[in-house]
Structure formats: structure tokens, C-alpha cells
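[1] what follows is a predicted protein model with its sequence.
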Amino acid sequence: MVEIRDMRSPDVDAALRIRLEWLSAQFDVTETTELVRASFARYPGNEAAPALVAADGDQIVGYLLCALTTHPTAIGTVAEIDELCVTKSYRRRGIGRRMVETIRQRLQHSVDDLTAIQARTDRADKPAQAFLDAMGFEQSTLEFTDYLE
């Protein structure tokens, strides 16, 4: 049985391997490993950045990274799901759904002024869009990005 629990420091490398497995199918990730490891290391134990893992025994098979933010002119706190990833051999078993439901419940009980939970995905990622729609997320914004290269 896959357990959903808080991410711990020893889980960072396993979560990073899942991320690199996913990204390496699309990009060359050899130079980003240390930068991403440092980014992942900020999650365990950070109340402003809650993170979960899905563990099958001692094997990490998925993770969810989240960040809590407040906007200077808006009321309340917004939770942003930064990343949600399940290793390929464990997909379509409800693990991603369980992680989203778990983080939703925890945030609703622990963040008094929580106003929304948001998630973003690439416009070409139709499976992720269908997943978020099935989880009850509403597409509400059109975001524009100027990539400064």
C-alpha cells in the first residue's frame, strides 16, 4: 500500500530522481541537478512550503511540492502546487489524486486564511489539464510569460 506522508530530508534525492526521470524525456538535465537539489532541499520541514511524498515501503514513488504565498493587495493566503509527479510505473493508480486531496485537507486545517489552492501546467499537457479538472480545479487565468534569455 502506498503511503502519503510529509517529505523528509532523506527523501529529497529520491524525489529528485523522479523529477529528472520525467524531465530527461524532454530536456538535457545534466547541468541542472545541483540547482534543483538545492531547490528541493528547502521543502522538508518548511511550513511555508509543504511537501508530500508517496512511499511504497522504503521506495519514494511520487512527490508534491507546494508554496504558500500572500499577495500585498489581496486578502488571505494562496497555496500554489509547484510540482506533482509520480514515477511512470506507478501512474494511474490514484496516487496523484491522494496527494492533492491530502495537501488540500492539511492546508484547510492548518492555514486559517487560506483562500485558494492553485496549480499550473503547460498548455500542451492535456493529461495534466484533465487531471486538474477532475480534481475540481477551475481554469481561471491566462498567464503570459516573457522569457528573458
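    Great, that's in hand.
[2] so which strand or helix has L65?
    Element membership for L65 (DSSP states H and E) is strand 59-70.
[3] how about that strand: buried residues?
    For strand 59-70, a neighbour-count test (16 or more other Cβ atoms under 10 Å) marks I60, V61, G62, Y63, L64, L65, C66, A67, L68 as buried. C-beta coordinates here come from the backbone N, C-alpha and C atoms, glycine included.
[4] which parts of this protein are strands?
    2-6, 51-56, 59-70, 77-86, 114-119 (DSSP state E).
[5] redo those as JSON lines? Include mean pLDDT and distance to R42.
    Listed next are the strands of the chain as JSON lines, based on pLDDT from 0 to 100; distance: least, Cβ to Cβ, whole Å:
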{"stretch": "strand 2-6", "mean pLDDT": "97", "distance to R42": "14"}
{"stretch": "strand 51-56", "mean pLDDT": "97", "distance to R42": "9"}
{"stretch": "strand 59-70", "mean pLDDT": "94", "distance to R42": "9"}
{"stretch": "strand 77-86", "mean pLDDT": "92", "distance to R42": "11"}
{"stretch": "strand 114-119", "mean pLDDT": "90", "distance to R42": "19"}
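[6] distance to I103 added to these, as CSV?
    Below are those laid out as CSV (distance: least, Cβ to Cβ, whole Å):
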stretch, distance to I103
strand 2-6, 9
strand 51-56, 6
strand 59-70, 6
strand 77-86, 7
strand 114-119, 8
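[7] nearest to Q129, out of those strands?
    Nearest of those to Q129, taken as Cβ to Cβ: strand 114-119 at 10.0 Å.
[8] tilt between the lengthiest helix in the chain and strand 59-70?
    Longest helix in the chain by number of residues (criterion: DSSP state H): helix 95-110. Helix 95-110 and strand 59-70 are oriented at 40 degrees to each other (axes from the mean of the first three to the mean of the last three Cα atoms, to 10 degrees).
[9] figure out how far helix 95-110 is from the centre of its chain.
    Taking Cα atoms, centre = their mean, to the nearest Å, the mean C-alpha location of helix 95-110 is offset from the chain mean by 11 Å.
[10] which elements pack onto it?
    With contacts defined as 3 or more Cβ pairs under 8 Å, 6 or more residues apart in numbering; DSSP states H and E, the packing partners of helix 95-110 are strand 2-6, strand 51-56, strand 59-70, strand 77-86, strand 114-119, helix 126-134.
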